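Participant: With the sequence up front, the predicted model follows.
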Amino acid sequence: MMTPRRVQIMIVGMLLLAGLLPVSVDAQTQQGLVKTLGRPDRKGEALSGVTVRVKGEHNATVSRGDGTILMSMPGKRNGEPYALQQVQKSGYELNEKSIIGRQHAFSDRVPLIITMVQTAQLQADKQRIEDNAYRTAEKNYKARLALLEQQKADQMMTAEQYSEALRGLQERFEKYQSLIDGLAEHYAHIDYDSLSDREREVNICIENGDLERADSLLSAEFDPVGVLERNREALARIDRSVISANDMIRQAEADMAKVLKQQERDAEHLYQLFTIALARLDNEKARHYIETRAELDTTRVEWQLTAGKFLGRYVADYEKALLYDRRSLRLALTQQGEERADAATAYNNLGVTLSSLGRYNEAEENHQQALAIWQTVYGREHEDVALSYNNLGYVHLCLGRYAEALRCYGEALEIWRGTIGTEHADVAMVYNNMGLSYKRTGDLEQAMRCYQQALSICEKTCGEAHPATAQAYHNMGAVYAAQGNDSLALQFYRRALSIRAGVYGENHPLVATSYNSIGAALDNLGRLDEAMECYVKALISRINIYGKAHPEIAVSCNNLGTINCKMGLPDRALEFLQKALAIYGETYDGPHPDVAQVRCNMGYAYLLKQDYQAALNCYRQALAVFREKYGEDHAATRVAQQGAETAEQLLKDNKQ
């Protein structure tokens, strides 16, 4: 954890860099200046009419026409900490939200600089940067693809090597696209007023997609090799200077300010290299840069959050992501307290990573914490609150709590309607999730209405060749399958697969899901050989993505078990079903419909083996869970009941 001495030095050093001349004020008054964000085409300007409130003080102050503020803090001495509670102006937002709640060092001579950005301009800058990033990524993708095609044509690689390289390229391209929003958010918040000419040029190149020029400029003045070692050596040198003698403290503090200033620059250069590596679809280098930045100062919450999100959601290194998620949470709680937005973000990210690992109960605890904090910080009507409800709904859905899932999705839908409107991809996502919950409870008509609503929104906002549209097609196919119309289901599944494969390539979880569902439809139509081929494709893809112990692997094993039963291979079927049962046993703490379905299928396999007692035991176990979760009238309950009755009758006949 950063010591109070270092925090104080960092803040004072940054303020001195602003070059402002202090005005004449009474003692125990903190000066300040509120300015707008400097951008490539314009300098920041003084901002008037901004309300600023200091934590613990009764009266707020409002910035003047020249942007200056005077905050009275009776009893404060130079160097003592204070915190801001509120900075607000309609149509504007803080460029650095963490300035709220952070400790600042009081000074009756050095002003506090507060930078704000117009919300509309921020969104426009983000959109511009995103558009440039997409164009650059597509250009690099096509160039890499052309190179692979040429190498294949020149017989420099085998067909297998070409397929593997192509899958890797497609996966990196898709993951980079998922990161573009975060990259645009970062660069849209850059204050160009604080940059040198060279730094301005690098950032402008990155924003405009001129990565080669940016890389060349960075390479000329910044060497990422040894950044951590240089930083550690500098900090150690300063610490030795402070300890050596009291008369060296002032010099040591000045040096510390320089080191921390350089640390900030090094961190920004690393993020720029991270951005360039992502655009080039080089995840290995991107990972190195973002982890190096996180380790450069392990007390910076935002750096840890970014590393954890990248490693978990885009590299699938969940264990390493947990390290950064937990570190960011610990730092946020220590530095800012429980009721701060950074703490909520850390809780949320940790919950998402735990969900990816199938640890749903732990994920639920973290999402509940995030929801409570976001509601305290923002009130109910905020997009982050809606996101938290959506993530909680997913956990409830995975744990078989469908009524709770629907309640959470309903909350998210209501908030998003009021904040982002009805024609938005996030609203479509909630409709899709609600439809899945209704389908799980057997309410197919309501599920279909939700999916149709999602499809209507997606076609308007995203277009027909978008993953969100594919999700709606896929979900509608699932309803048709549940209604017994497998031919129509197959059409919708294939439509979804065509979109997903075109966007993601073959080696992606959603593509695996499409193959799995197509296999199920072919299975029900009696086209067993084709179904088996699809099931195997789905399983291989999922193992490549998740490893061998993930709930999605259990889904594939369960399906392979059922089709082996239909092919008259009950022993082979039981091998797959036992694997599915073992994975689910590590995933769910209590009774769950997924486990019950596997036991029901095992009952059928035991019937084929004429082991009627084992079949009866399996059916009865499944029946108890289905009755509890679905009630007597659900199709799954009726199937388990019929299986139990059949096994019981055969057992009696066999004993006579």
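Facilitator: Perfect, I can see it now. Quantities reported herein were computed from a predicted structural model and do not represent experimental measurements.
Participant: For this protein, give me the ranges with low pLDDT.
Facilitator: For the chain, the stretches with pLDDT under 70 are 1-27, 242, 245-249, 281, 314-316, 656.
Participant: Strands of that one, start to end?
Facilitator: 29-36, 51-54, 61-62, 68-72, 81-82, 84-88, 92-94, 104-105, 112-118 (DSSP state E).
Participant: By residue count, tell me the biggest helix in this structure.
Facilitator: Longest helix in the chain by number of residues (criterion: DSSP state H): helix 119-153.
Participant: buried stuff in that helix?
Facilitator: 122, 125-126, 129-130, 132-134, 136-137, 140-141, 144, 148, 152 (16 or more other C-beta atoms under 10 Å). All C-beta atoms are positioned from the backbone trio N, CA, C, and that covers glycine.
Participant: From the contact counts, what lies against it?
Facilitator: Applying 3 or more C-beta pairs under 8 Å, 6 or more residues apart in numbering; DSSP states H and E, one finds that helix 119-153 contacts strand 92-94, helix 159-188, helix 197-207, helix 249-279.
Participant: Nearest to V625 among the ones you listed would be which one?
Facilitator: For V625, the closest of the helices and strands packed on helix 119-153 is helix 159-188, at 36.2 Å, according to C-beta to C-beta.
Participant: how far is the closest one from where the chain is centred?
Facilitator: 15 Å (C-alpha atoms, centre = their mean, to the nearest Å).
Participant: on that earlier part again, closest to A472 out of the helices and strands packed on helix 119-153?
Facilitator: Of all the helices and strands packed on helix 119-153, helix 159-188 comes closest under C-beta to C-beta, at 19.3 Å.
Participant: how far off strand 112-118 does the closest one point, in degrees?
Facilitator: Put simply, helix 159-188 runs at 120 degrees to strand 112-118, going by axes from the mean of the first three to the mean of the last three C-alpha atoms, to 10 degrees.
Participant: Show me which residues of helix 159-188 are buried.
Facilitator: Applying 16+ other C-beta under 10 Å to helix 159-188 flags 162, 165-167, 169-177, 179-180, 183-184, 186-188 as buried.
Participant: could you say what helices and strands it packs with?
Facilitator: Taking 3+ C-beta pairs under 8 Å, 6+ apart as the contact cut, helix 159-188 packs with helix 119-153, helix 197-207, helix 249-279, helix 301-313, helix 486-504.
Participant: go again using 6 Å as the cut-off
Facilitator: helix 119-153, helix 249-279 (3 or more C-beta pairs under 6 Å, 6 or more residues apart in numbering; DSSP states H and E).
Participant: Dump the ones you listed to CSV, plus distance to Y431.
Facilitator: Shown next, in CSV, are those (distance: least, C-beta to C-beta, whole Å):
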stretch, distance to Y431
helix 119-153, 25
helix 249-279, 31
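Participant: Quick one: closest of the ones you listed to Y604.
Facilitator: Here helix 119-153 is closest among the helices and strands packed on helix 159-188 (C-beta to C-beta), at 46.0 Å.
Participant: Now find how far off-centre that closest one is within its chain.
Facilitator: 21 Å.
Participant: mind starting the numbering at 53 from now?
Facilitator: New numbering, starting at 53: the last item is helix 171-205.
Participant: relative orientation of it and helix 301-331 in degrees?
Facilitator: Using the same axes, to 10 degrees, helix 171-205 lies at 60 degrees relative to helix 301-331.
Participant: and Q498, how many neighbours does it have?
Facilitator: Residues contacting Q498 under the criterion other C-beta atoms under 10 Å number 17.
Participant: for it, what are its contacts?
Facilitator: Q498 makes contacts with Y490, as judged by C-beta atoms under 6 Å, 6 or more residues apart in numbering.
Participant: what's the burial count for the nearest residue to L381 once chain neighbours are set aside?
Facilitator: Of all residues beyond its chain neighbours, the one nearest L381 is A398 (3.8 Å), with distances taken as C-beta to C-beta, 6 or more residues apart in numbering. For A398, the tally of surrounding residues (other C-beta under 10 Å) stands at 29.
Participant: repeat for R289
Facilitator: 13.
Participant: What distance do you get for it to D307?
Facilitator: Using C-beta to C-beta, to the nearest Å, R289 is found at 8 Å from D307.
Participant: Roughly how far does K178 sit from Y239?
Facilitator: 8 Å.
Participant: P622 now?
Facilitator: In terms of C-beta to C-beta, P622 sits 59 Å off from Y239.
Participant: Can you add distance to G695 and give the helices and strands packed on helix 171-205 back as a markdown table?
Facilitator: Formatted as a markdown table, those follow (distance: least, C-beta to C-beta, whole Å):
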| stretch | distance to G695 |
| --- | --- |
| strand 144-146 | 59 |
| helix 211-240 | 41 |
| helix 249-259 | 61 |
| helix 301-331 | 51 |
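Participant: Determine which of the ones you listed approaches A688 most closely.
Facilitator: helix 211-240 (34.8 Å).
Participant: Give me the angle between that closest one and helix 353-365.
Facilitator: Per the same axes, to 10 degrees, the angle that helix 211-240 makes with helix 353-365 is 160 degrees.
Participant: so A236 makes contact with D183?
Facilitator: No. Counting by C-beta atoms under 6 Å, A236 stays clear of D183, with 9.0 Å between them.
Participant: what's around the nearest residue in space to L136 that is not next to it in sequence, how many residues?
Facilitator: Nearest residue to L136, sequence neighbours excluded (C-beta to C-beta, 6+ apart): I152, at 5.4 Å. Number of residues near I152 (other C-beta under 10 Å) recorded here: 18.
Participant: again, but for R265
Facilitator: 15.
Participant: Return the distance of it relative to S271.
Facilitator: Taking C-beta to C-beta, one finds R265 at 11 Å from S271.
Participant: which residues of the stretch 503-652 of the chain fall in helices?
Facilitator: 519-534, 538-556, 561-576, 580-598, 603-618, 622-639, 645-660 (DSSP state H, counting those that start in this stretch).
Participant: Now render these as TSV, adding distance to R432.
Facilitator: Converted to TSV, the helices of the stretch 503-652 of the chain look like this (distance: least, C-beta to C-beta, whole Å):
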stretch	distance to R432
helix 519-534	26
helix 538-556	34
helix 561-576	32
helix 580-598	35
helix 603-618	32
helix 622-639	32
helix 645-660	32
